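structure, please.
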Amino acid sequence: MKRHVKMMGLMTAAVLAAGTVLGADLVQKARDVMSRNQDSLITVTALSKLDMGGSGLPIRIGGMGEAQEAGCSGLVIDANGMTVVPYSAINPMDMVASHMQIRIGEDESEGQELKSKAELSRIRMQMPDGTEVPAKLVFKDKELDLAFILPDPKDGEKAPKFNPVSLAAGPTAKELDDIVVLSRHGKNLGCQAAVDIGRITAVIAKPRPMYDLSVGGRPGSPIFLPDGQLLGLVVTTGAGEGGGLMSLGGME
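Below is the predicted model of the structure:
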């Protein structure tokens with residue numbers, strides 16, 4: 001009986017040791033993913049303002065007419081500095097505008113309807129070394145919650161060198177697959193790069209390919225498989241209350 005207990009103890013120790021090795025291997029892979037790709041992850045900020053007016057009459061409601069700075073992580077996808085971000089993260093007022101409708105006057109048929117419009121200005125790219133570069137919006141898709149920006153330096157100034165992430169054909173992933181999440185903290189923490197490990201909890205096929213995650217990535221965080229393949233970007237609309245992961249594979 002004692003021998004049996006001793007053998008069971010040895011087997012348990014061997015299983016625990018194997019689990020430790022596998023865990024350490026995943027951690028090292030995550031560190032490698034961070035090391036290879038953190039320079040492709042920058043910080044994007046913009047001024048977002050909501051204006052309301054009708055028949056040429058501008059109106060301010062609360063602080064909605066004042067520009068507010070919004071920002072998130074952005075992923076550089078080509079050497080010219082093309083960067084993809086969640087559109088709603090840099091222009092949150094646009095979502096407010098799309099759901100706001102106000103009419104002035106007691107008679108609904110004769111009342112004045114106020115139209116809201118979100119304005120986006122002063123877009124900035126902050127490089128990993130802290131350098132700031134003016135940028136411009138070149139394309140947006142509100143349904144996919146994606147926006148693409150390019151550096152827009154002043155005359156006589158040069159854009160910095162960008163380090164794009166690899167956009168090979170999109171990998172496939174399944175529930176409970178391990179993932180590596182990269183992100184950057186806010187300006188109050190020096191935009192420090194961060195890494196986390198999680199798993200895919202659900203694969204959503206419709207209305208578009210998306211994934212739900214066990215870890216809450218910040219908007220704009222790129223998600224990689226442990227082998228370094230880019231799986232997608234965390235957006236702020238889609239699967240679940242907190243958003244979803246949009247697949248970016250095959251965009252090369």
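
any stretches of the chain with poor pLDDT?
1-22, 52-65, 95-116, 169-170, 237-252 (pLDDT under 70).

quick one, helices of it?
Along the chain, the segments classed as helices by DSSP state H run 2-37, 87-90, 92-98.

can I get the shortest one in CSV, CA atoms only?
Listed next in CSV are the C-alpha coordinates belonging to helix 87-90 (Å, rounded to 0.1, in the frame of the first residue of the first chain):
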residue,chain,number,x,y,z
TYR,A,87,-12.8,54.0,-35.1
SER,A,88,-15.1,54.4,-32.1
ALA,A,89,-12.0,54.7,-29.8
ILE,A,90,-10.7,57.8,-31.5
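
what helices or strands is it leaning on?
Helix 87-90 makes packing contacts with strand 41-54, strand 68-76, helix 92-98, strand 146-151 when contacts are defined by 3 or more CB pairs under 8 Å, 6 or more residues apart in numbering; DSSP states H and E. Backbone N, C-alpha and C define where each C-beta goes, glycine included.

what comes into contact with that helix?
Residues from elsewhere that reach helix 87-90 (CB atoms under 8 Å, 6 or more residues apart in numbering): 44-46, 48, 70-72, 94-95, 120, 123, 140-142, 145-147, 219-220, 235-237.

which of those residues count as buried?
By neighbour count, with 16 or more other CB atoms under 10 Å, these hold 44-46, 48, 70-72, 94-95, 120, 123, 140, 145-147, 219-220, 235-237 as buried.

list the contacts for the nearest residue in space to residue 215 that is not next to it in sequence?
Excluding the flanking residues, the one nearest residue 215 by CB to CB, 6 or more residues apart in numbering is residue 198, at 3.3 Å. Listed by CB under 8 Å, 6+ apart, the contact set of residue 198 reads 178-179, 181, 213-215.

closest to residue 36 among these?
Nearest to residue 36 among the contacts of residue 198, counting by CB to CB, is residue 181 at 14.6 Å.

so that closest one sits against residue 223, correct?
Yes. Between residue 181 and residue 223 there is a contact at 5.7 Å, judged by CB atoms under 8 Å.

list residues touching both of these two?
213, 217, 234.

mind listing the residues bridging to the last one?
By that I understand residue 234. Counting by DSSP bridges, residue 234 is bridged to residue 245.

hang on, it packs against residue 220?
Yes. With contact taken as CB under 8 Å, residue 234 and residue 220 are classed as touching, separated by 6.5 Å.

overlap in contacts of those two?
residue 86.

show me what contacts residue 164?
Here residue 164 is in contact with 40, 76-79, 82 (CB under 8 Å, 6+ apart).

neighbour-wise, which one of the residues you listed leads?
residue 77 (23 neighbours; other CB atoms under 10 Å).

next one: it from residue 147, what distance?
According to CB to CB, to the nearest Å, residue 77 stands 12 Å off from residue 147.

kindly report the same for residue 119.
Taking CB to CB, one finds residue 119 at 14 Å from residue 147.
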